[in-house]
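Novice: fold the following, please.
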Amino acid sequence: MDAKRLESLPLFRDLSRKERDQIARWTDEVEVPAGYMLVEQGRFPHEFFVIESGTVSVTKDGKHLADLGPGDFFGEIAIVEHDRRTASVVATTPLTAIVMLSRDFETMADVMPHVAERIHSAIRERMAR
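Specialist: Residues are numbered from 1 along each chain as shown. As a prediction, the model looks like this:
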């Protein structure tokens, strides 16, 4: 992953170059077609996603919850809570996303608590809905 590209994503924008370089080592990039299921409700978590381009639909128990786009992230709740996925996420357009495996996500949370706090804030906001 090219650390320079992380600057365009709000979650990583304010990090130092050194921190973005580290995040880049922990991440990969995936491209998937429209209709591809990235996360399935009830499954165990293995990764966290940040959307670089494209859109996804988030559903829970078959009910539409949200549409997400560039800069948004998903998959963090199950990793942080050490529980099964709380919702399903399907690409609604061709999608490019930054992906971080759960073990790297946990390392990032330990090494960069300020990034983890942004993610925890988003979790609290989503859980309140």
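
Novice: in the protein, where's the longest helix?
Specialist: If you go by DSSP state H, the chain has its longest helix at helix 113-128.

Novice: quick one: list the elements packing against that helix.
Specialist: Other elements packing on helix 113-128 under the criterion 3 or more Cβ pairs under 8 Å, 6 or more residues apart in numbering; DSSP states H and E are helix 10-13, helix 76-81, helix 102-111. Where C-beta positions appear, they are placed from N, C-alpha and C, glycine not excepted.

Novice: kindly recompute the last result at 10 Å.
Specialist: With contacts defined as 3 or more Cβ pairs under 10 Å, 6 or more residues apart in numbering; DSSP states H and E, the packing partners of helix 113-128 are helix 10-13, helix 17-26, strand 73-74, helix 76-81, helix 102-111.

Novice: centre of the chain to that helix, how far?
Specialist: How far helix 113-128 lies from its chain's middle: 12 Å, per Cα atoms, centre = their mean, to the nearest Å.

Novice: wait, which of the helices and strands packed on helix 113-128 is closest to K60?
Specialist: K60 sits nearest to helix 76-81 of all those, at 11.0 Å, using Cβ to Cβ.

Novice: pull out the buried positions in the closest one.
Specialist: Buried residues in helix 76-81, counted by 16 or more other Cβ atoms under 10 Å: E76, I77, A78, I79, V80.

Novice: listing partners with orientation, what would you give for the very next helix or strand once past that helix?
Specialist: Next along the chain after helix 76-81, taking DSSP states H and E as the criterion, comes strand 88-91. When sheet partners are counted by DSSP bridges, strand 88-91 sits next to strand 37-39 (antiparallel), strand 56-60 (antiparallel).

Novice: good, wrapping up.
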